[in-house]
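Undergrad: Structure of the sequence below:
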Amino acid sequence: MLRNGVSFGRTVNARFLVRQKSSGGRRPKKKTYERVRELDRVMELRKKPSMILHLASLVRSQPLLLRDLEKNVGFVRKWAFMGLIQKHPSVFRVSGSPPSVSLTPRAHRLALHEARARAHMEPLLLANLRKLLMLCVDCRLPLQTLELVRPELGLPEDFKDCLVAKYPQFFSVRRFGGTDCLLLEDWDFTLARTARETRLAQEGVVRLKTNGDERKVKISKDGNYAGPFAFKMNFPAGFRPNVGYLEQLERWQRLEFPSPYLNARRFNAADPKARKRAVAVIHELLSLTMEKRMTSAQLDAFHAQCLLPSQLLLCLIKHQGIFYLTNKGVRSTVFLKDGYLGSNLVDKCPLMQFYDRFMALCGRGNIDMCDNKNCLPTVV
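TA: So this is what the prediction gives:
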């Protein structure tokens, strides 16, 4: 996809070269987009667990004939799934004639706990879905877009029946411009608090008083600043900012900006405060996902609804202390850096905790990888 001549899609490279304006007759300098290997590693670590969980969902209710496996996963992936079945006898068993695959008794008993985990997820899903609609300029979102991000949000496949229809006081489905959309029926100001603000409140950072006696708080060498409008920064190990960059970053960290939950149409996109607000909108969108990440295509789908920057790729690259783009895996992916500690997801919802317990049957105590190379779990 091209936006203002900038490609945002699967062609995202591991190292981006961004040219600065030249002065005099000099050639412009190059800024290198550094790779974060711990987050690249997440894509590899999640690949096989996602396949195991997908296969487990297919055979949980009844055995699946091996000859029908291709119909469900495709010809190419069929052989990868066959390898998983053979490699994990603690989870899958093959029996009968013609042969079929099913869960082992132990795996089946544990799989029954998924319903309990999803029940615990309902209040969180309800709040997050309302917050997602509150981020949209018209408090509505095409169902097609919602289906695109449904797995990342943790929504079940039948969310329109088990969640939307269950709460008519909050949601309705209407048709706008020939497109079916999910519409928010009730705006709740108590939900209009971002994950960034919640973290700052937990850390004891409050809004500075506007009586002229603001405290002088210096920014650290890693770009972090103790202020109510600051974002948590996490630069790559090879990133060495100079004094001028840190001074500019301090001014940006101090800059006040409107809440992402206010209608974006109220602000001029060229205003520095509005540009910082756009960063906050992306931050909040990623915060609403289970794993604090989206594919580039999923994030790009919110352009119209959230009025994201036209040059979205350049915005993400510019703020590499907050976001990280990787081309590992089938699709390019955008990570929220403060959602991870190394390769480990910091906060896990009940569904992610259930996935960890299920994957323990395969000999993995945690889907994540320990940062210490001496205590890395075996990769399945």
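
Undergrad: How about the contacts made by Leu345?
TA: Glu291, Lys292, Gly339, Met352, Asp368 (CB atoms under 8 Å, 6 or more residues apart in numbering). For the C-beta atoms, the positions are set from N, CA and C on the backbone; glycine is no exception.

Undergrad: Looking at these, which are in helices?
TA: Judged by DSSP state H, those include Met352 as members of helices.

Undergrad: from the contacts of Leu345, which would you call buried?
TA: Listed as buried from these are Glu291, Lys292, Gly339, Met352, Asp368; burial here means 16 or more other CB atoms under 10 Å.

Undergrad: can you put the contacts of Leu345 in a markdown table and add distance to Phe239?
TA: Output for those, formatted as a markdown table (distance: CB to CB, whole Å):
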| residue | distance to Phe239 |
| --- | --- |
| Glu291 | 24 |
| Lys292 | 21 |
| Gly339 | 19 |
| Met352 | 29 |
| Asp368 | 24 |
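
Undergrad: wait, which of the contacts of Leu345 is closest to Tyr245?
TA: Closest approach between those and Tyr245, by CB to CB: Gly339, at 24.4 Å.

Undergrad: what's the closest one in contact with, if anything?
TA: By CB under 8 Å, 6+ apart, the contact list for Gly339 reads Leu286, Ser287, Glu291, Lys292, Arg293, Leu345, Val346, Asp347.

Undergrad: would you put the C-alpha positions of stretch 181-194 in CSV?
TA: C-alpha atoms of stretch 181-194 as CSV (Å, rounded to 0.1, in the frame of the first residue of the first chain):
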residue,chain,number,x,y,z
CYS,A,181,-20.5,-1.0,11.1
LEU,A,182,-20.4,-1.6,14.9
LEU,A,183,-21.7,1.6,16.6
LEU,A,184,-21.1,2.7,20.1
GLU,A,185,-24.4,3.6,21.9
ASP,A,186,-23.0,4.8,25.2
TRP,A,187,-20.0,7.0,25.8
ASP,A,188,-18.4,6.4,29.2
PHE,A,189,-15.9,9.0,30.3
THR,A,190,-14.5,6.6,33.0
LEU,A,191,-13.1,4.5,30.1
ALA,A,192,-11.4,7.5,28.4
ARG,A,193,-8.1,6.8,30.2
THR,A,194,-5.2,5.5,28.2
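
Undergrad: Select the helix or strand of the chain having the lowest average pLDDT value.
TA: strand 2-3 (a mean of 41; mean pLDDT, DSSP states H and E).

Undergrad: Excluding covalently adjacent residues, which one is nearest to the residue nearest the centre of the chain?
TA: Geometric centre of the chain, nearest residue: Arg293, 1.9 Å, by CA atoms, centre = their mean. In space, and not counting its chain neighbours, Arg293 is closest to Phe335: 4.7 Å by CB to CB, 6 or more residues apart in numbering.

Undergrad: now the helix or strand containing Arg199, how far from the chain's geometric center?
TA: Using DSSP states H and E, Arg199 sits within helix 195-202. Relative to its chain's centre, helix 195-202 lies at 18 Å (CA atoms, centre = their mean, to the nearest Å).

Undergrad: Tyr324 - nearest residue in space that isn't next to it in sequence?
TA: Tyr324 sits nearest to Phe335 (CB to CB, 6+ apart), 4.3 Å away.

Undergrad: Would you mind measuring from that neighbour to Gly227?
TA: 24 Å (CB to CB, to the nearest Å).

Undergrad: So for the two, which sits in the more crowded spot?
TA: Phe335 (24 against 20; other CB atoms under 10 Å).

Undergrad: Under a three-state scheme, what state does the more buried one occupy?
TA: For Phe335, the secondary-structure state derived from DSSP: H, G, I helix; E, B strand; the rest coil is strand.

Undergrad: Identify the residues contacting it.
TA: Phe335 touches Val36, Leu39, Val42, Leu286, Lys292, Arg293, Phe323, Tyr324, Leu325, Thr326, counting by CB under 8 Å, 6+ apart.
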